[in-house]
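Chemist: whatever this is, show me its structure:
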Amino acid sequence: MTDEKTLFNQSFDSLVGIRPCDILQYGPSKLYVDDYHWHIPMKGIIASYTPTHENVNDHFGIFRGVDQIEAFAQASIVSCAGFLECVKQNCSLIELRNKFLPAFISIGSVNFQHFLTPGDRFISIAEIKFYKFRQMVADGRIYKVPRDLDLTAYFQNFTPEMLFAFELEPTFTLVAELSGITGRALKKEILTKKI
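Modeler: Purely as a prediction, here's the structure:
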């Protein structure tokens, strides 16, 4: 669990154990990451989210594809780039949120294989393909998670090689394949001057 000391002190070596709301700036209705389960900087990340009934309101009880893309982006390019900027600038999570806003630049391709409904916990499993000048590109997949699986224990001995091969038990259901998900951190001071 993140404490106030961690928020002001860049002494962590991964996002595991950090609350997503401490690094992501999205309000509660648009925050699509519940937990980080595995993270190696510049390699990749695995994070989970469980859609709520509010997430599917007015959309046939289905968690929209665009929201799946948003969840993947938050878990990958926004979280991982934010972490790397904290390290690079030797700043705290709070200082980072005060300096930058995340922005989508482009989406390569997305292929949906399955759907998600409220209560269907899923993981975003992302490989970092590029990072430079506050811009990051990630490829990966979304999988529906077997019920009652302890994800932290499951991914405790996971390796980058397993991530790159999407080496998961067959009980995980492939939901979407994503490539070229690209974002960039924009300086708030520049945006403020233009408004």
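
Chemist: what is the burial count for the residue nearest to E70 when sequence neighbours are not counted?
Modeler: Closest residue in space to E70, ignoring its immediate chain neighbours: Y32 at 5.7 Å, by Cβ to Cβ, 6 or more residues apart in numbering. Placement of C-beta: from N, CA and C, glycine included. Residues lying near Y32 (other Cβ atoms under 10 Å) number 25.

Chemist: could you do S14 as well?
Modeler: 13.

Chemist: so where does it fall, helix or strand?
Modeler: In this structure, S14 sits in neither a helix nor a strand according to DSSP states H and E.

Chemist: bridging residues for the nearest residue to T173 once chain neighbours are set aside?
Modeler: Nearest residue to T173, sequence neighbours excluded (Cβ to Cβ, 6+ apart): K144, at 4.0 Å. For K144, the beta-bridge assignment (DSSP bridges) gives partners F122, T173.

Chemist: which residues touch the residue nearest the centre of the chain?
Modeler: Centrality entry for the chain: nearest residue to the mean C-alpha point is A75, 0.2 Å, by Cα atoms, centre = their mean. Counting by Cβ atoms under 8 Å, 6 or more residues apart in numbering, A75 touches Y32, V33, Y36, I45, A47, Y49, S124, A126.

Chemist: let's see it at 7 Å
Modeler: A75 makes contact with V33, I45, A47, S124, A126, according to Cβ atoms under 7 Å, 6 or more residues apart in numbering.

Chemist: just the strands in this protein please.
Modeler: 35-40, 44-49, 100-106, 109-112, 122-132, 135-144, 173-187 (DSSP state E).

Chemist: which stretch among the ones you listed is buried most, on average?
Modeler: Comparing the strands of the chain by mean neighbour count (mean count of other Cβ atoms under 10 Å), strand 44-49 ranks first with a mean of 26.

Chemist: how distant is that strand from the center of its chain?
Modeler: 6 Å (Cα atoms, centre = their mean, to the nearest Å).

Chemist: ditto for stretch 20-33
Modeler: 10 Å.

Chemist: gap between the two ends of that stretch?
Modeler: Taking Cα to Cα, to the nearest Å, stretch 20-33 runs 6 Å from one end to the other.

Chemist: now do the residue lying closest to A47 once chain neighbours are set aside against K129, distance only.
Modeler: Distances taken as Cβ to Cβ, 6+ apart put A75 closest to A47, at 3.7 Å, once the chain neighbours are dropped. According to Cβ to Cβ, to the nearest Å, A75 and K129 sit 15 Å apart.

Chemist: noted, bye for now.
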